[in-house]
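[1] any chance you can model this:
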Amino acid sequence: MRSPAFWRSLSETLVLPHYGALSQRPALTAALNWYRAIDLEASLELPPVSVPTTFVWSTADVAIGRAAAERCAAYVKADYRFVELDGISHWIPDEAPVELARAITDRVRSVSA
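    Predicted coordinates:
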């Protein structure tokens with residue numbers, strides 16, 4: 001199977017479940033509607049996030065660049081953590097599940113203590 005460029009960093013084994021899910025019309029429609037619903041103008045009027053936040057970003061992400069990822073901190077008025085994963089693509093849960101789980105559990109522990 002030849003994957004589109006966006007999926008190329010994932011092995012065929014990791015891509016197949018995504019293809020399977022998105023080949024179902026309701027799932028594909030829902031995924032596309034998430035993007036269709038984004039109102040960039042209205043989002044500029046949203047207040048800053050006021051809960052502890054962790055942004056997990058990866059250096060090989062083709063969808064979210066470093067500048068955009070780092071700018072998210074300006075929209076959080078609470079404890080903010082930026083976790084950078086080196087060499088991982090946009091598909092962090094597929095490629096680095098242990099590292100992602102660690103970032104999440106570290107955050108939960110820090111606000112639960």
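[2] below-threshold pLDDT in the protein: ranges please.
    Scanning the chain for pLDDT under 70 picks out 1-8, 113.
[3] so which residues of the chain form strands?
    53-58, 80-85 (DSSP state E).
[4] can you tell me how far H90 is from D106?
    Look at H90 and D106: by Cβ to Cβ, to the nearest Å, they are 22 Å apart. For every residue, glycine as well, the C-beta is placed using N, CA and C.
[5] of the two, who's got more company?
    H90 (17 against 12; other Cβ atoms under 10 Å).
[6] list the contacts for the more buried one?
    Residues in contact with H90 (Cβ atoms under 8 Å, 6 or more residues apart in numbering) are 6, 9, 58, 60-64.
[7] are any of these buried, and which?
    In these, burial by neighbour count holds for 9, 58, 61, counting by 16 or more other Cβ atoms under 10 Å.
[8] for D94, state which of these is nearest.
    Closest approach between the buried ones among the contacts of H90 and D94, by Cβ to Cβ: S9, at 9.1 Å.
[9] the longest helix along the chain to strand 80-85, inter-axis angle?
    Ordering each helix of the chain by length in residues (DSSP state H) puts helix 97-112 first. Using axes from the mean of the first three to the mean of the last three Cα atoms, to 10 degrees, the direction of helix 97-112 lies 160 degrees away from that of strand 80-85.
[10] centre of the chain to helix 97-112, how far?
    With Cα atoms, centre = their mean, to the nearest Å as the basis, helix 97-112 stands 15 Å off its chain's centre.
[11] show me what it is packed against.
    When contacts are defined as 3 or more Cβ pairs under 8 Å, 6 or more residues apart in numbering; DSSP states H and E, helix 97-112 packs onto strand 53-58, strand 80-85, helix 92-95.
[12] quick one: it to strand 53-58, angle?
    160 degrees.
[13] what are the contacting residues of helix 97-112?
    52, 54, 56, 79, 81, 83, 85, 88, 92-93.
[14] great, nothing more from me.
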